[in-house]
Every structure is written in structure tokens, then in C-alpha cells.
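>>> return a 3D structure for these sequence lines:
(chains A and B)
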Amino acid sequence: MTRQQVLDLYFMENRAKLIDLAAFLDRVDRATGDADFRLDAFKEAMQHLSDGKSDRAKSVLLSLTDPTTEPIEKAPGKGATGAWPGAK
Amino acid sequence: MRYIEPHGHMVSRTTDDYTDMAAAGCACVCEPALWAGFDRSSVQGFHDYFCQLTDYEPKRAAKFGLGHYTWLCINPKESEDVGLAKDVLGIIPKFLDRPNVLGIGEIGLNKNSRNEMKVLEMHVDLAARSNQLILVHTPHLEDKLKGTRLILDVLKSDSRIRPERCIIDHVEEHTVQMVLDRGHWAGMTLYPESKCTAARAADILETFGHERLWMNSACDWGVSVPLAVPYAALEMRRRGWSAEQIDSVVYQNPIRFMGQSPKFKLI
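I've put the predicted structure just below:
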């Protein structure tokens, strides 16, 4: 596809997603209390959207990922949070 | 359009879903064993589930003109209890000769624990001993990359395993290349809130090629869309894919992988 075709197909959908993202961050700002590790991880991942590099989707996924390599001793539960608590 | 749903947990779905899938061109559904949303209390619970997958559900699918195939295992979400897992692995061989059983799956990891690794290795050994195809679940979200690496290493360390007989499911942009590089098939799951959207799946197909990739809905009891595969096919058409190219991904590729089992025959 040409860039024009990509814009014609996807601009409006992603414009809406961009505004939704901004509204989500505004909502977090308006809320009270402390945020957990996910907010920092989210903001860190957002940096990859404007770093000018390619493979942004991969970079965002990697920034939200557990980078360790060894199995853990015991599963703490079954669910996943979407971000790695050890990231700083 | 014709397509195959290579990963759908139909025991969780309604008859309306079967009707919609058949109307959309689905030729058959393939159902890996899943976590029920709660831990089963004994091996007997798994026995009953395997009977459901190999006896009752194929009959239900047939009422809508759909073939039904299945994969058996204890899902990684229940693999922390190694004792129970051993008991479940003990009854699986009794079911492997059933006509709709294609292999062992969906095995893999969930939180990447040592016990999950032990149970994964036991499943891989069973598949190797009984010459079964393997369908692998990779972990969710932040655990996916690490889990995928660990799973690939387990498969590589067993010399009896032929990479082309294993599909590694739920790949995303950060895991697809390593799976393909090892010679395995890769599956993309189309979910509304996690895993891949249709647009991202099409991106991956266009970036990494579609020789050894399939798409599935993994529809189950959670937020999921049974028609996700035909919706993704529409997305591909919107982007200029030809009908033949779409067919090669949503119909021919599942046949090429699952056709490695002599039991896999379309009605």
C-alpha cells in the first residue's frame, strides 16, 4: 500500500485511538491516590511512539515485558498485569 | 470465502456461534484443551472434559455442518500442581486414538514457573513418544517473551521433536521472528483487548511472510470474537490482498499444518 492508502484506511480509526489515549491519561491525572507501576511503564512505553525509529509495536511490547530469563520458583497466580513490576 | 478456525474453545460457545461461523464459511473447528476458568479438583474432571472434547462436541459441531478436531493436555494455567498434572498425563494416552484428536495442546507456560516447565517437558515427552503434533500456548502480556524463549529451548533440547510439527501460538511482533527462525509454525490470536488486532495480524503477515503462519480467534469464555478470522480476512481484502492470497492463509495454511496428522480430513 502507498502511504496515502494507509492514511485513507487507518487515519480516522487511529485518530480516535490517539484521543482516547490522551483522555485516559487525563482521567488518571484527575483521579486521586497513588498509581502503581503500570502508569510509569505505560508512559515509558509511549516514548517509543515518537522516537523516530521503526518497529514501534515491537519496542512498545518489549518495554512492557519481563526481561529476565530464568523460570520463577512458583507461579504467584494465573493472571498478567500487562507490565513488568520490576521495570524502572 | 472459506476458512478454518484452527483454535476455538467451542465448549464455551453457544449454538449461535456455530451458526455464525458456518454461515461465514468455516469448514471446521479445532479445539485445544483449555483452562475452564477454575481449577479442576481431580483427574476425573479432566477425564470428563476429554470425553466432551472427543465425543460430545464433535457431534454438536456436526449439527452445523462443521468438522471438529481437538488437542489434549492439562493447560499451563493448571500446571503448578505437578502431581495432578502427572495424573492427567496418565489418562491422555487412552484418548489419543480417538478419531478427532490431532495432538498434544495447548501446552506451554503461563507464569514461567519451574513446575510449569516440568509439566511442559512431560507433555513434550508424551508427544514425542506417541508421535503427536504439538500446539503450544505462549504466556500472556509481560510474560510472553520470556515464556516463548523458554518454550523454544525445551523443544530444541528434545532431539525427537521435529520443528515443523509444532505450532507456537499467540505470537506478536516481539516473538514471531524467533519462532519462525526455529522452523516452527506460528499462530496469531485475534483478540479485542490483547494479543493481535486484525490490522496488526495483517502487518505481521506482510512483514514476516505467510508461509508458516495462521490466524485464530481462540474464542472461549472470555472476551473474544468467534468470527475474528473472517473479519481479519476482510481486513486483508481492504488492504489489497487477493482472494487466493487470503485463502492461502485462512484455509490452506491450517490444512498444511494439521494435515500432518493422518486424521485431519475435511468433510
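
>>> what's the burial count for residue 84?
The chain I'm using is chain A. When neighbours are counted by other Cβ atoms under 10 Å in any protein chain shown, A:Trp84 registers 22. Every residue, glycine included, has its C-beta placed from N, CA and C.

>>> that answer is for a different chain, and I need it for chain B
Residue neighbour count, defined by other Cβ under 10 Å, stands at 20 for B:Leu84.

>>> and if you look at A:Ser50?
Taking other Cβ under 10 Å as the neighbour definition, A:Ser50 ends up with a count of 8.

>>> show me the helices in chain A, by range?
Taking DSSP state H as the criterion, chain A contains helices spanning A:3-30, A:37-46, A:56-63.

>>> tabulate these (TSV), appending mean pLDDT, mean neighbour count and distance to B:Ala127.
Putting the helices of chain A into TSV (pLDDT from 0 to 100; neighbours: other Cβ atoms under 10 Å in any protein chain shown; distance: least, Cβ to Cβ, whole Å) gives the following:
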stretch	mean pLDDT	mean neighbour count	distance to B:Ala127
helix A:3-30	97	11	41
helix A:37-46	97	16	36
helix A:56-63	97	18	29
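
>>> domains of chain A?
What the record gives for chain A is the domain set A:1-33, A:34-65, from automatic domain parsing.

>>> and the helices of chain A as a markdown table, adding distance to B:Arg2?
A markdown table is the format used below for these (distance: least, Cβ to Cβ, whole Å):
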| stretch | distance to B:Arg2 |
| --- | --- |
| helix A:3-30 | 25 |
| helix A:37-46 | 39 |
| helix A:56-63 | 30 |
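
>>> of those, which is nearest chain B?
Minimum separation from chain B across these (Cβ to the nearest Cβ) falls at helix A:56-63, 4.3 Å.

>>> for the closest one, output the C-alpha coordinates as CSV.
Only the C-alpha atoms of helix A:56-63 are listed here, as CSV (Å, rounded to 0.1, in the frame of the first residue of the first chain):
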residue,chain,number,x,y,z
ARG,A,56,7.4,0.8,17.3
ALA,A,57,5.0,-2.0,18.1
LYS,A,58,7.8,-4.4,19.0
SER,A,59,9.5,-1.7,21.0
VAL,A,60,6.4,-1.0,23.0
LEU,A,61,5.8,-4.7,23.6
LEU,A,62,9.5,-5.1,24.8
SER,A,63,9.3,-2.2,27.1
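
>>> make CSV out of the domains of chain A and add distance to B:Asp48.
What follows is those, written out as CSV (distance: least, Cβ to Cβ, whole Å):
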stretch, distance to B:Asp48
domain A:1-33, 43
domain A:34-65, 37
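
>>> CSV for these, including distance to chain B?
CSV is the format used below for those (distance: least, Cβ to the nearest Cβ, whole Å):
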stretch, distance to chain B
domain A:1-33, 6
domain A:34-65, 4
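
>>> which among the ones you listed is found nearest to B:Thr19?
domain A:1-33 (29.1 Å; Cβ to Cβ).

>>> now name the helix or strand holding B:Asp220.
Applying DSSP states H and E as the criterion places B:Asp220 outside every helix and strand.

>>> and it, how many neighbours?
Other residues within reach of B:Asp220, judged by other Cβ under 10 Å, total 20.

>>> measure how buried the nearest residue to it once chain neighbours are set aside is and give me the count.
Spatial nearest neighbour of B:Asp220, excluding adjacent residues (Cβ to Cβ, 6 or more residues apart in numbering or on different chains): B:His9 at 3.8 Å. Residues contacting B:His9 under the criterion other Cβ under 10 Å number 24.

>>> doesn't B:Cys30 make contact with B:His9?
No - contact status for B:His9 versus B:Cys30: not in contact, 10.4 Å apart, counting by Cβ atoms under 8 Å.

>>> coming back round to it: between the helices of chain A, which gets nearest to B:Asp247?
Taking Cβ to Cβ, helix A:3-30 is the member of the helices of chain A nearest to B:Asp247, at 21.7 Å.

>>> quick check: angle from that closest one to helix A:37-46?
Regarding helix A:3-30 and helix A:37-46, their directions subtend 150 degrees when assessed with axes from the mean of the first three to the mean of the last three Cα atoms, to 10 degrees.

>>> tell me the gap between helix A:3-30 and the middle of its chain.
Helix A:3-30 sits 14 Å away from the centroid of its parent chain (Cα atoms, centre = their mean, to the nearest Å).

>>> just the terminal-to-terminal distance for stretch B:153-162.
Between the start and the finish of stretch B:153-162 there is a gap of 13 Å, counting by Cα to Cα, to the nearest Å.
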